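# One predicted model, sequence on top.
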Amino acid sequence: MNLVGLALRNLRRRPVRTGLSILGIGLAVGSALALIALSRSIKDSTQEGIDEMGDDLVVMQKGASDIFGGFIPEQMVEHIAAIRGVVRASGELFMFAPSAGHTSVLTLGWPDTSYLWKKVPLREGRVPQQGERHVAVLGEAAAASLGKKLGDELELVGETFRVIGIANYTTVVNRGLVLVPLADLQEASYRTRQVTMIHVNVDRGGGPAELSRVRSSIEALGNVTASTANDVLNNDRNFAILKAVSLAVSIIAVAIGALNVLTALVMATQERTREIGIFAAIGWSRMRIITSIVSEGVVMCAFGCILGELFSFAAALVFPHIPTIGDLISVKPHVAVIVPILLAAFALCIIGALLPAWRAAQLIPADALRRI
Amino acid sequence: MSAMYAPTPRPNVMMNVMNLRPSLEIDRALGSRPLISLHGVSRLYDGGAITALQNVDLQIDAGDCMAIVGASGSGKSSLVNMLCGIDHPSSGTVVWEGRPQRTRQDWAKLRRLSIGIVFQEFNLIPTLTALENVELALFGRGLSGSRRLARAATVLEYVGLQHRPNNLITRLSGGERQRVAIARAIVNAPALLIGDEPTGNLDSTSAANVAALMFRLCEDYGMTLVLVTHDEKLAARCPRQVRIKDGVIVEDTAIPDPLLELQGTA
């Protein structure tokens, strides 16, 4: 027998309380993991989606708080395309467009002459022809969730579109997209001659220096910023808020989990005051008494973390089935998320266990032995 | 001074448990030396409203076999609590082998290495087996788990419980529980064994067996034995008897040790 074995014995003495405490920690850790993984995956999915489009630079309105929040005049695309070193540029208007059934789908509007149409990985059908209006290409996941196939009609922002193609993008965000001609989306959203961002491909032979020069040239046009996809998302206020809120809620959740440990151990040490007196009477040092009680907290925390992990994996399986967001995110529990949360959970549980342990270690053995 | 308070040779009980050495004679031959002494010890409770011990002076020599006798509430348990450091005096000093014991750490170490306590209420952990209860007292000794278990098993065998090492405490009789408590108390080969009414909760047969076991430890290993009891018959078996009343030692009598007498006349 060792201290962990002793801790397990003690925890088994109160199976309901121990179980509930472990469940509390599990829910806390699971919630924290799921929340942070969710916020991380939203950002990652968005970045993967932008990366899949093959952009070197993304141009947005200067000072735009988030990727949906800035608008650029469409003619800016021609100015950017004219910059030396820019291979091609395309404007894009995007929005969450309301569809039938009160669902919103991420909808992108591209000029019918844009090079982006040529890069659409069509599974079936085709992309819009020049001048063709009120047609749409759906990502596979969007088609599935909307229940549409080639030739079907789709209602978006009060307009009717005919499905002419299904694209099999690989990233989750792009699989949930609806692509329509830019002019249609501009009209429907009252954003005539405006785009949200401009995709830019740069001559890659020039290396980072050329990319930097092009970037400066674009920004010199005024009132725009040119960034890599990663920078765009790092500066996005929505993602920053999402991250902060997730972190705050996670910290609260894990702290509540630790409070469960504290409560359980306070009760356990009060009930076992006499036993603690026995340990002291047979010569256990204060440190050993503290360690034995903290061990119980750590054992509970370990089981809680395992449970929390299982909860978070379950959440990862469930999230994709949530309407409206399920098509846009892919929650992947990641070591970079799991490790800090588990470390935080253990740290908080140890802190939670230290209070009752310290109190127990302060007991005068003779007093403790008198307790019933 | 340092020569006077040279460490007492420890009867390393469990290392020698299978080949009993007559350490009583060896220790006594070294002469009487105080193992533990109380100097002006008082213990007050409730801010001085209750006086459990009042200015007690007591010296216990290595190898002593001593009974502390008194009525209920006389201060016996308070005195024994001072002797093993599970309570602390309001005033006065407790000295172990010449060194005043002041801190909890000092006392914890002493109880771990040199003092074994047997309580009236057994004070065993009910969810653990007999073997595990004994093993608990070996924590912090730097022994591996297998060595702890082996040593605990040896001591259980010594107290006659070799057939029930894996029984939970709740499955043992009162006499068996007290033997487990004795095994736990002696597993570290203490210099001082304290029994606080060790037979108080036992039937007469079990009480006789437990008392016999404790006296055997005293005789076989020269372990210093302090027995708190209100049983005059049991107290009479101890060569030294200390009577306590209202927190004050009122009588301290010793039957002369024939061996020491002989040495003195030689």
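Nice, I can see it.
# Going by neighbour count, which residues in the helix or strand containing A:Pro340 are buried?
Element membership for A:Pro340, per DSSP states H and E: helix A:335-362. Within helix A:335-362, the residues that qualify as buried are A:337-338, A:341-342, A:344-346, A:348-350, A:352-354, A:356-357, A:359-361, counting by 16 or more other C-beta atoms under 10 Å in any protein chain shown. Just so you know, the C-beta spots here come from the backbone N, C-alpha and C atoms, and that holds for glycine as well.
# now do stretch A:226-241
Neighbour counts over stretch A:226-241 (16+ other C-beta under 10 Å) mark A:Ala226, A:Ser227, A:Thr228, A:Ala229, A:Val232, A:Leu233, A:Asn235, A:Asp236, A:Asn238, A:Phe239 as buried.
# Just to check, the third one is in contact with A:Val58?
Translated: A:Thr228. Yes: counting by C-beta atoms under 8 Å, A:Thr228 sits close enough to A:Val58 to count as a contact (7.3 Å).
# show me the residues around the residue of the stretch 1-150 of chain B found nearest chain A that make contact.
Across the stretch 1-150 of chain B, no residue is closer to chain A than B:Arg112, which sits at 2.8 Å (C-beta to the nearest C-beta). With contacts taken as C-beta atoms under 8 Å, 6 or more residues apart in numbering or on different chains, B:Arg112 has the following neighbours: A:Ile282, A:Gly283, A:Trp284, A:Ser285, B:Ala137, B:Gly140, B:Arg141, B:Asn188.
# Pick out whichever of the buried residues of stretch A:226-241 sits closest to chain B.
Nearest to chain B among the buried residues of stretch A:226-241: A:Phe239, at 51.5 Å, using C-beta to the nearest C-beta.
# got the residue ranges for the strands in chain A?
For chain A, the strands identified by DSSP state E occupy A:57-61, A:72-73, A:86-98, A:104-110, A:122-125, A:135-139, A:153-156, A:159-167, A:178-181, A:194-195, A:197-202, A:224-227, in order along the chain.
# Save the ones you listed as a markdown table, and put in distance to A:Asp367 too.
Rendered in a markdown table, the data for the strands of chain A read as follows (distance: least, C-beta to C-beta, whole Å):
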| stretch | distance to A:Asp367 |
| --- | --- |
| strand A:57-61 | 69 |
| strand A:72-73 | 76 |
| strand A:86-98 | 66 |
| strand A:104-110 | 66 |
| strand A:122-125 | 77 |
| strand A:135-139 | 71 |
| strand A:153-156 | 75 |
| strand A:159-167 | 75 |
| strand A:178-181 | 73 |
| strand A:194-195 | 77 |
| strand A:197-202 | 71 |
| strand A:224-227 | 67 |
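# Quick one, which of these gets closest to B:Thr93.
Shortest separation from B:Thr93 across the strands of chain A is recorded for strand A:224-227, at 76.5 Å, computed as C-beta to C-beta.
# in its sheet, what does that closest one sit against?
Using DSSP bridges, strand A:224-227 pairs in its sheet with strand A:57-61 (antiparallel).
# Name the nearest of the buried residues of stretch A:226-241 relative to B:Arg164.
Within the set of the buried residues of stretch A:226-241, A:Phe239 lies nearest B:Arg164; the separation is 65.9 Å, counting by C-beta to C-beta.
# Could you report the neighbour count for residue 62?
Assuming you mean chain A. 13 (other C-beta atoms under 10 Å in any protein chain shown).
# Switch to chain B, please.
The number of residues packed near B:Ala62 is 24, by other C-beta under 10 Å.
# Got the phi and psi for it?
The phi and psi values for B:Ala62, taken as degrees, to the nearest 10, are phi -60, psi 130.
# Low-confidence stretches in the stretch 151-266 of chain B?
Flagging of the stretch 151-266 of chain B using pLDDT under 70 yields the residue ranges B:256-266.
# got the residues of it near chain A?
Listed as neighbours of chain A in the stretch 151-266 of chain B under the rule C-beta under 8 Å from any C-beta of the partner chain: B:Arg184, B:Asn188.
# Lowest average confidence across helices and strands of chain A, where is it?
For chain A, counting by mean pLDDT, DSSP states H and E, helix A:229-234 ranks last in confidence among helices and strands (a mean of 76).
# So which residues make contact with it?
A:Lys43, A:Thr46, A:Gln47, A:Ile50, A:Asp51, A:Asp55, A:Val58, A:Met60, A:Ile67, A:Phe239.
# Distance from the chain centre to it, please.
Remark: helix A:229-234 is offset 15 Å from the chain centroid, using C-alpha atoms, centre = their mean, to the nearest Å.
# Go ahead and produce PDB holding the CA coordinates of that helix.
Output for helix A:229-234, consisting of C-alpha atoms alone and laid out as PDB, is shown next (Å, rounded to 0.1, in the frame of the first residue of the first chain):
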ATOM      1  CA  ALA A 229      -4.500  34.700 -43.600                       C
ATOM      2  CA  ASN A 230      -3.000  34.000 -40.200                       C
ATOM      3  CA  ASP A 231      -2.500  37.700 -39.500                       C
ATOM      4  CA  VAL A 232      -6.100  38.500 -40.500                       C
ATOM      5  CA  LEU A 233      -7.500  36.100 -38.000                       C
ATOM      6  CA  ASN A 234      -5.100  37.000 -35.300                       C
END
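# hmm, back to that, reformat the strands of chain A as JSON lines; add mean pLDDT.
Compiled in JSON lines, the strands of chain A are given as follows (pLDDT from 0 to 100):
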{"stretch": "strand A:57-61", "mean pLDDT": "89"}
{"stretch": "strand A:72-73", "mean pLDDT": "92"}
{"stretch": "strand A:86-98", "mean pLDDT": "91"}
{"stretch": "strand A:104-110", "mean pLDDT": "91"}
{"stretch": "strand A:122-125", "mean pLDDT": "94"}
{"stretch": "strand A:135-139", "mean pLDDT": "95"}
{"stretch": "strand A:153-156", "mean pLDDT": "91"}
{"stretch": "strand A:159-167", "mean pLDDT": "94"}
{"stretch": "strand A:178-181", "mean pLDDT": "95"}
{"stretch": "strand A:194-195", "mean pLDDT": "94"}
{"stretch": "strand A:197-202", "mean pLDDT": "91"}
{"stretch": "strand A:224-227", "mean pLDDT": "90"}
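# All the helices of the stretch 151-300 of chain A, residue numbers only.
When assigned using DSSP state H, counting those that start in this stretch, the helices of the stretch 151-300 of chain A occupy the ranges A:172-175, A:182-188, A:207-220, A:229-234, A:237-271, A:273-281, A:286-318.
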